[in-house]
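[1] Based on what follows, work out the 3D shape:
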Amino acid sequence: FMQNWQYKQYTAALFYVFRKKRPRLMHFQRLPNRRILSALDTAGLWYRHKRILLLPSLLLGNLLTLPPAMAAEANYCQRDTIVLPDLWGGNSEKIDLEADVIEATNRNLVTLKGNAVLTQGGNYLRSDAMSYQKDTDTVEAHGNAVLFSRDGDRLETPFLSLQVSKEQGYTGKASIQNADRLLATGSDNTRYVSGRGNASRVDIKSRDLLILKDANYSFCPLGHDDVMIHASSLKLDNATATGYARNVVVRFQGLPIFYSPYLEFPLDDKRRSGFLSPRFGAAKNSGMVIEVPYYLNLAPNYDLTLYPRYLTSRGLQLGGNFRYMTEHSRGSLQGEYMPSDSNSTQSSRGAVTYRHQQDLSSRWHLGADLQYVSDNNYLDDFTNTLLLSSSTHVPRSLTLDYNNDWLTVNSKIHTYQTIDSTIPSTARPYDRLPQIQFNSSLPVLSDLFAVTLGGEVSNFSQSGRIEGWRYDLNPGISLPLETTYGFFKPKLELNNTTYSLSNVSTGGSTNPSRTVAIFSADSGLFFERQFDLAGQRRTQTLEPRLFYVYIPYKNQSALPNFDTGEGNFNNFSNLFRSNRFFGRDRVGDTNQLTMALTSRLLDVDSGDELGHLRLGQIFFFSDRRVQLSGATETTNQSDLLAELQLKLADYWTVNSYLQYSHTNSEVTTGKLNLSYNRDSQRTARLGYLYQKNGQEQLDLNVSWSLSPQWQVRVQQLYSITDSKSQVSSIGLQYNSCCWSLGLSSQRRLDNTGAYRNAVFATLELKHLGSISSGL
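    This is a model prediction of the structure:
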């Protein structure tokens with residue numbers, strides 16, 4: 001069909017080619033201008049040529065939220081496919097027609113009867129009969145008409161009328177299957193179905209625009225109309241990849257559950273502005289909760305989500321989340337604000353979180369983590385969507401880091417907001433304004449020795465307490481000797497700490513200092529043997545290790561304590577620390593030797609570790625006089641530590657940790673964990689913790705896929721000491737191809753010691769968002 005109606009410029013000839021079964025109408029060809037042949041001779045006709053109408057792409061995306069990638073669909077959800085005909089997908093723009101009977105009635109009309117087929121430019125149309133009218137440039141298909149677009153979409157209708165040059169037309173009652181443009185089936189003649197629908201009429205406004213009247217549309221597989229969208233008018237604009245629906249009713253299992261007079265949604269996976277799925281819920285202290293989020297796609301690299309929320313027992317709450325990303329930075333600003341809370345003594349309430357990370361260069365990195373909460377009950381009264389880490393002290397920090405091949409510098413400004421006003425200033429943590437830490441491996445004497453230099457400069461600030469600067473310097477030199485069967489690493493360090501203080505007590509020094517030498521020697525040997533165990537070749541290792549530390553006594557009672565705590569043995573690696581204190585305000589005097597023994601069981605063929613046993617203990621040759629509180633420690637040995645990890649079977653693992661006191665002949669700490677990890681869908685862990693004069697508790701976590709469609713989750717944290725549950729929750733979820741239903745209940749202790757109970761029900765209509773309720 002020619003772009004120009006002037007037949008003197010373009011002509012076409014139509015030829016019959018007789019075959020055994022049926023005549024074939026060959027493709028139209030451009031020919032030099034010549035006389036018009038008689039229709040009886042060669043059925044020559046004049047045609048103006050543009051191109052056959054391409055069915056607009058109908059990749060209907062997620063309504064309200066973006067659809068997840070379907071490549072990871074569970075096996076129970078077999079996706080429908082569109083089987084494309086053999087003649088589909090050609091690249092030529094020429095017209096190719098077939099039929100059992102072809103008639104050229106006059107110069108304006110060609111009629112095809114019986115198995116009529118039209119192909120052009122990758123499009124394929126077949127029907128029982130079709131005709132082309134030259135003067136109106138219209139193709140009409142009658143009876144079982146099926147149109148396959150070059151993208152693989154499928155439209156089926158009893159009647160189709162198409163004005164070719166304008167690419168406009170309409171159908172009678174029609175059904176549509178849309179091909180997935182993103183996920184290939186691996187076959188050239190099949191396409192996955194991304195969505196399907198039907199309508200009483202389809203108006204084809206252009207190549208990229210369809211309007212469906214009295215339409216139904218679903219993302220569910222054929223034969224499963226669990227979730228169906230009905231609209232009086234559904235406009236699919238593929239030029240902007242946007243769908244527009246009016247008088248929308250969403251039906252679930254045949255029941256109407258949602259209505260909207262107007263709905264706008266994306267047809268592809270590109271972000272765009274619009275309302276997200278509304279959320280409904282209920283809470284004991286807040287009443288009914290209604291949230292209507294609105295998404296603003298401000299730019300490709302930043303966006304904003306506004307979520308006004310109304311709580312019937314409290315009032316209106318405004319929230320927003322701004323996200324951004326550049327080539328060298330990323331971050332978010334999230335906040336919530338309630339001008340007036342009817343259920344609280346606070347006049348206004350809110351919370352803000354700002355997080356930022358930026359690469360200033362390949363070596364310089366900037367970070368920010370700033371948080372604010374209006375009151376200490378905010379995190380219990382409202383869902384902790386801001387992911388704040390503490391209900392008493394909210395941290396805020398700015399960091400600037402540098403690193404190269406031999407130097408690492410970490411600097412920060414770190415403060416706290418204490419939201420619990422009952423905590424006295426003397427018990428509140430220090431702000432660090434600033435704190436600069438550095439560690440280096442100096443490139444000197446590197447052929448034989450390892451020379452290091454570490455340190456810190458910090459300013460500690462807290463009203464009503466001793467404040468000031470702390471300068472810490474820690475140079476060291478070691479001689480690492482390593483072979484395949486062992487190692488020996490002697491090391492000598494010098495620690496110097498100096499203070500510049502204010503708010504000191506009467507008679508106290510404003511510039512105390514401490515200098516102490518630290519000598520350590522770490523050594524170990526590796527032995528192994530191979531043997532047969534249950535018909536399998538195994539390797540057992542024996543790894544004795546000795547770690548000696550000597551630190552002379554220095555009186556440090558005049559030094560403040562800004563951030564130092566006493567060490568413990570909750571981890572086996574703590575046996576090999578030089579300083580028994582955590583922090584730089586104290587260096588513990590000692591003359592000690594750590595003796596440890598590790599034995600591993602390895603698979604000979606794979607090298608995988610099947611289990612290990614570790615035993616370790618510190619032996620002291622002098623009393624420890626430097627203490628934060630209490631008297632001098634005079635015991636000559638530490639608690640005995642034992643750690644066992646064993647792979648019982650392919651998916652079973654047991655971990656245990658034991659701390660035993662020789663002095664009191666009792667266990668001070670015990671941990672036992674039994675874990676099952678078959679895959680990410682089937683995990684279980686049962687844990688037991690015992691601490692003398694502390695907590696004794698049981699911890700159960702189960703996440704289990706009962707079948708591809710059923711999942712259950714159980715969490716239980718029970719305090720044996722207090723004979724009460726700390727956290728208890730159970731959840732059950734069912735997943736189908738296009739919807740899921742989840743039920744869960746939770747019971748937890750808040751920071752006041754009172755229980756908070758909640759029951760949640762969540763119905764998620766895939767591609768449509770979720771509708772949830774909670775109590």
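[2] got a list of contacts for stretch 686-694?
    Stretch 686-694 is contacted from outside by 666-674, 695-700, 721, using CB atoms under 8 Å, 6 or more residues apart in numbering. All C-beta spots, glycine's among them, are computed from the backbone N, C-alpha and C.
[3] Among these, which one lies nearest to residue 353?
    residue 699 (28.7 Å; CB to CB).
[4] would that closest one count as being in a strand?
    Yes - membership of residue 699 in a strand is supported by DSSP: H, G, I helix; E, B strand; the rest coil.
[5] ok, now how distant is residue 501 from residue 617?
    Look at residue 501 and residue 617: by CB to CB, to the nearest Å, they are 39 Å apart.
[6] Pick the one among the contacts of stretch 686-694 closest to residue 245.
    Nearest to residue 245 among the contacts of stretch 686-694, with distances taken as CB to CB, is residue 700, at 46.5 Å.
[7] Hmm, residue 676 and the closest one touching each other?
    No - Residue 700 lies out of contact with residue 676 (CB atoms under 8 Å); the separation is 12.0 Å.
[8] Looking at the two, which is more packed in?
    Neighbour tally, residue 700 and residue 676, criterion other CB atoms under 10 Å: the higher count belongs to residue 676, 17 against 14.
[9] which is the next helix or strand following the helix or strand hosting that one?
    Using DSSP states H and E, residue 676 falls within strand 666-679. Sequence order places strand 682-691 as the next helix or strand after strand 666-679, per DSSP H and E.
[10] Give me the distance from that following strand to the chain's centre.
    How far strand 682-691 lies from its chain's middle: 26 Å, per CA atoms, centre = their mean, to the nearest Å.
[11] Convert the C-alpha atoms of that strand to CSV, please.
    Taking Å, rounded to 0.1, in the frame of the first residue of the first chain, the C-alpha atoms of strand 682-691 are listed here in CSV:
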residue,chain,number,x,y,z
ARG,A,682,13.7,-24.5,54.7
THR,A,683,15.7,-23.4,57.7
ALA,A,684,15.3,-24.0,61.4
ARG,A,685,17.4,-23.1,64.5
LEU,A,686,17.0,-24.0,68.2
GLY,A,687,19.2,-22.2,70.6
TYR,A,688,19.9,-22.3,74.3
LEU,A,689,21.8,-19.7,76.3
TYR,A,690,22.9,-19.9,79.9
GLN,A,691,24.7,-17.2,81.8
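[12] That one pairs with which strands, parallel or anti?
    strand 666-679 (antiparallel), strand 696-705 (antiparallel) (DSSP bridges).
[13] Include distance to residue 448 and mean pLDDT when you put the ones you listed into TSV, please.
    Formatted as TSV, those follow (distance: least, CB to CB, whole Å; pLDDT from 0 to 100):
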stretch	distance to residue 448	mean pLDDT
strand 666-679	42	94
strand 696-705	50	95
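[14] With distance to residue 198 as extra columns, can I get the ones you listed in TSV?
    Compiled in TSV, the strands paired with strand 682-691 are given as follows (distance: least, CB to CB, whole Å):
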stretch	distance to residue 198
strand 666-679	40
strand 696-705	35
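[15] for those strands, which one sits closest to residue 334?
    So among the strands paired with strand 682-691, strand 696-705 is nearest, using CB to CB, at 27.8 Å.
[16] Number of residues surrounding residue 399?
    Around residue 399 there are 18 residues (other CB under 10 Å).
[17] Hmm, it is touching residue 370, no?
    No - the pair residue 399 / residue 370 is not scored as a contact, 11.5 Å apart, by CB under 8 Å.
[18] Residues contacting the strand holding residue 676, please?
    In contact with strand 666-679 (CB under 8 Å, 6+ apart) are residues 569-570, 639, 651-661, 682-692.
[19] Mind checking which of the residues you listed are buried?
    569, 639, 653, 655-661, 683-685, 687, 689-691 (16 or more other CB atoms under 10 Å).
[20] Now stretch 610-624: buried residues?
    Taking 16+ other CB under 10 Å as the criterion, stretch 610-624 shows 610, 611, 612, 614, 615, 616, 617, 618, 620, 624 as buried.
[21] Over to stretch 99-109?
    99, 102, 104.
[22] Can you flag which of these belong to strands?
    In strands, judged by DSSP state E, the following of the buried residues of stretch 99-109 are found: 102, 104.
[23] Just name the lowest-scoring one in the buried residues of stretch 99-109, pLDDT-wise.
    pLDDT across the buried residues of stretch 99-109 is lowest for residue 104, at 85.
[24] any idea how far it lies from residue 166?
    Taking CB to CB, one finds residue 104 at 24 Å from residue 166.
[25] residue boundaries of the helices in the stretch 501-650 of the chain?
    Ranges of helices within the stretch 501-650 of the chain: none, based on DSSP state H, counting those that start in this stretch.
[26] can you give me the strands in the stretch 601-750 of the chain?
    609-620, 640-647, 652-661, 666-679, 682-691, 696-705, 710-719, 724-735, 739-749 (DSSP state E, counting those that start in this stretch).
[27] what does the average pLDDT come to for stretch 518-532?
    On average, the pLDDT along stretch 518-532 is 97.
[28] can you check stretch 262-282 too?
    pLDDT averaged over stretch 262-282 gives 72.
[29] and what of stretch 475-482?
    On average, stretch 475-482 scores 96.
[30] what do you get for stretch 582-597?
    According to the model, stretch 582-597 has a mean pLDDT of 97.
[31] Put the alpha carbons of it into CSV.
    This file holds the C-alpha atoms of stretch 582-597, laid out as CSV (Å, rounded to 0.1, in the frame of the first residue of the first chain):
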residue,chain,number,x,y,z
PHE,A,582,37.9,-2.9,75.4
GLY,A,583,38.8,0.7,74.9
ARG,A,584,41.9,2.9,75.2
ASP,A,585,41.5,4.3,78.7
ARG,A,586,43.0,1.2,80.4
VAL,A,587,45.8,-1.2,79.5
GLY,A,588,45.7,-4.1,81.8
ASP,A,589,48.9,-5.3,83.4
THR,A,590,49.6,-9.0,82.9
ASN,A,591,52.1,-11.8,82.6
GLN,A,592,50.1,-14.5,80.9
LEU,A,593,50.2,-17.4,78.6
THR,A,594,47.2,-18.6,76.5
MET,A,595,47.3,-22.3,75.7
ALA,A,596,44.9,-23.5,73.0
LEU,A,597,44.3,-26.6,71.0
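[32] one step back: nearest to residue 310, out of the strands of the stretch 601-750 of the chain?
    strand 739-749 (23.4 Å).
[33] Who are the packing partners of the next helix or strand after the closest one?
    With elements assigned by DSSP H and E, the helix or strand that comes after strand 739-749 is strand 755-765. For strand 755-765, the elements it packs on are strand 242-252, strand 739-749, strand 769-774, judged by 3 or more CB pairs under 8 Å, 6 or more residues apart in numbering; DSSP states H and E.
[34] what do you get if the cut-off is 10 Å, keeping everything else the same?
    Judged by 3 or more CB pairs under 10 Å, 6 or more residues apart in numbering; DSSP states H and E, strand 755-765 is in contact with strand 242-252, strand 255-266, strand 279-283, strand 724-735, strand 739-749, strand 769-774.
[35] export the ones you listed to a markdown table and tack on distance to residue 563 and mean neighbour count?
    As requested, the helices and strands packed on strand 755-765 are exported to a markdown table (distance: least, CB to CB, whole Å; neighbours: other CB atoms under 10 Å):
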| stretch | distance to residue 563 | mean neighbour count |
| --- | --- | --- |
| strand 242-252 | 56 | 18 |
| strand 255-266 | 51 | 15 |
| strand 279-283 | 39 | 18 |
| strand 724-735 | 28 | 16 |
| strand 739-749 | 29 | 16 |
| strand 769-774 | 40 | 17 |
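[36] Reformat those strands into JSON lines and put distance to residue 423 next to each item.
    Shown next, in JSON lines, are the helices and strands packed on strand 755-765 (distance: least, CB to CB, whole Å):
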{"stretch": "strand 242-252", "distance to residue 423": "50"}
{"stretch": "strand 255-266", "distance to residue 423": "47"}
{"stretch": "strand 279-283", "distance to residue 423": "27"}
{"stretch": "strand 724-735", "distance to residue 423": "22"}
{"stretch": "strand 739-749", "distance to residue 423": "19"}
{"stretch": "strand 769-774", "distance to residue 423": "31"}
